[in-house]
Every structure is written in C-alpha cells, then in structure tokens.
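Asks: quick one, fold the following:
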Amino acid sequence: MKTTPFRVATAIILSAIGSVSADDENYVTCGSAIKLTHVESGGKFFLHSDERQLQSGSGQQLVTSVQDNRSPKGLWQIREGYGEKLCEAGTPVKCGQVIRLMHAETQVNLHTHGIKSPISNQHEVSGFGQGGDGDGGDDWKVVCPAGGYFSAGEEYWNRDKTVQFRSVATNRWLGSSSTVKFTEQNCGRGCPILNNLEVFGRNTNDSYSHWKVELGVFLSK
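Replies: Next up is the predicted model:
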C-alpha cells in the first residue's frame with residue numbers, strides 16, 4: 001500500500017503520544033493535530049484544504065470551510081512560528097504565542113497575504129510552502145478569550161474555549177462566514193467546492209473570526 005504524507009504525519013503524531021497530566025489535559029499543545037470548527041456558522045464547518053489550487057489571486061492551494069468533520073483533510077498540525085525556536089512536542093501553546101498551522105495531508109502551511117479573496121474581496125487565505133517550509137505569511141498569533149472579550153488574559157490555549165488567530169504579517173483575523181459560500185453563481189456550474197465557505201483574512205475583530213477545537217490528536221510530555 002502506498003504511504004501518503006498524511007499517514008506518515010499521523011504515525012509520527014501517534015507514536016509521540018504520552019500520558020496526559022491533570023494540569024495539561026485541557027490545553028492545545030505543540031505537535032498536536034487538530035480540527036478547527038467555525039463558531040459563527042454553527043460549529044458545522046471545519047477549516048479544510050486539499051490539492052486543489054485557487055483559480056484566481058495567488059493560485060496557491062485552496063483553503064475553505066467544509067461541512068465534514070470526518071475528513072482527514074481537516075487536520076492541521078501545530079508548529080512553531082517561522083524562524084522561531086522549535087516548540088517541543090507536547091508543550092502547551094501560550095496565548096499570544098506565534099504558531100504555524102501545517103496541513104497534515106499536503107504539508108502546506110495556513111497562509112495569508114494582501115491578495116484579495118475570491119468572493120468577499122477581503123484578504124486571501126491559502127495553503128503555502130512545501131514540506132512545512134514557508135515564510136512569515138504563515139505566522140498566526142493565538143488570541144484567547146478573557147472575560148467575554150478576546151485578549152491575552154489567559155495563559156494557555158484551552159481546547160474547550162473559543163480562539164482567534166491573527167496574522168503576524170497582515171494583522172488580519174482568520175475568518176469565515178455562513179453567508180459567504182461558493183455557489184454556481186460565483187464558482188460556476190459543477191463547482192467542485194459547492195457550498196464550501198470562503199476562508200479569509202478579516203480586518204474586523206468580530207464573531208466571524210471565532211474558532212474552536214472540535215477534534216484532535218493531542219500530544220503531551
């Protein structure tokens with residue numbers, strides 16, 4: 001049987017799993033592979049990518065929100081920021097920490113830049129790089145909730161709580177919307193991503209940029 005990058009990444013992740021302590025069992029950790037659900041769309045759509053390329057803008061790998069919680073194409077591995085010190089597997093991610101989200105199956109990084117997104121004309125979000133390598137456009141700051149408002153009030157990223165991601169390169173928020181989806185009108189007849197939600201870099205800090213860890217393979221020391 002052919003070994004895919006996803007199988008290799010999953011095998012590495014599973015082999016690194018250790019015992020979970022009472023102190024860190026609720027935290028998201030470096031090296032973990034997670035699925036992120038979009039809160040505003042009812043928690044039914046998951047951050048997703050595959051081998052398809054954007055047909056406009058940068059032409060980089062497509063990233064959307066998909067209503068499928070079983071697809072392995074929704075797994076993202078947490079890594080240290082571009083050019084930063086290695087984040088040891090199993091180390092809890094701090095609020096305010098800069099990370100990269102690497103797509104487990106295709107090994108590209110979640111990326112944004114100033115190119116316009118195809119539907120809403122906000123900033124495009126794509127998959128970029130090769131084998132996990134990329135550039136500073138792959139860096140996202142983890143923003144945790146505190147007191148009902150999003151700030152750096154908590155110490156660590158709690159997997160049970162809502163989270164936001166802010167691009168270090170553009171200061172835009174990772175967002176999606178139940179009202180901004182691919183249809184036959186904007187994507188064409190026989191659109192392969194019909195009813196997927198656009199993922200974009202949003203200028204405004206609001207409910208469209210709220211995400212939550214729904215599933216995952218969590219590493220611990």
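Asks: pretty sure Ser32 is touching Phe218, no?
Replies: Yes: between Ser32 and Phe218 there is a contact under CB atoms under 8 Å: 4.7 Å. All C-beta atoms are positioned from the backbone trio N, CA, C, and that covers glycine.
Asks: low pLDDT regions in this protein?
Replies: For the chain, the stretches with pLDDT under 70 are 1-24, 146-153.
Asks: rerun at 80
Replies: Across the chain, the ranges flagged by pLDDT under 80 are 1-25, 53-57, 146-154.
Asks: show residues contacting stretch 199-212.
Replies: 36-40, 43, 47, 63-65, 112, 117, 120, 122-125, 150, 161-165, 167, 170, 172-177, 180 (CB atoms under 8 Å, 6 or more residues apart in numbering).
Asks: which parts of that stretch are buried?
Replies: Of the residues in stretch 199-212, 199-202, 205, 208-211 count as buried by neighbour count, 16 or more other CB atoms under 10 Å.
Asks: neighbours of Phe128, just the number please.
Replies: Counted by other CB atoms under 10 Å, the residues lying close to Phe128 total 20.
Asks: quick one: contacts for it?
Replies: 60-61, 108-109, 111, 134-135, 137-138.
Asks: list buried residues within the residues you listed.
Replies: By neighbour count, with 16+ other CB under 10 Å, the contacts of Phe128 hold 60-61, 108-109, 111, 134, 137-138 as buried.
Asks: quick check, Glu105 in a strand?
Replies: No: going by DSSP: H, G, I helix; E, B strand; the rest coil, the assignment for Glu105 is coil, not a strand.
Asks: in strands, which of the buried residues of stretch 199-212 appear?
Replies: Judged by DSSP state E, the subset of the buried residues of stretch 199-212 located in strands is 199-202, 211.
Asks: tell me which two of the buried ones among the contacts of Phe128 sit farthest apart.
Replies: The largest separation in the buried ones among the contacts of Phe128, counting by CB to CB, is between Gln61 and Gly137 at 13.1 Å.
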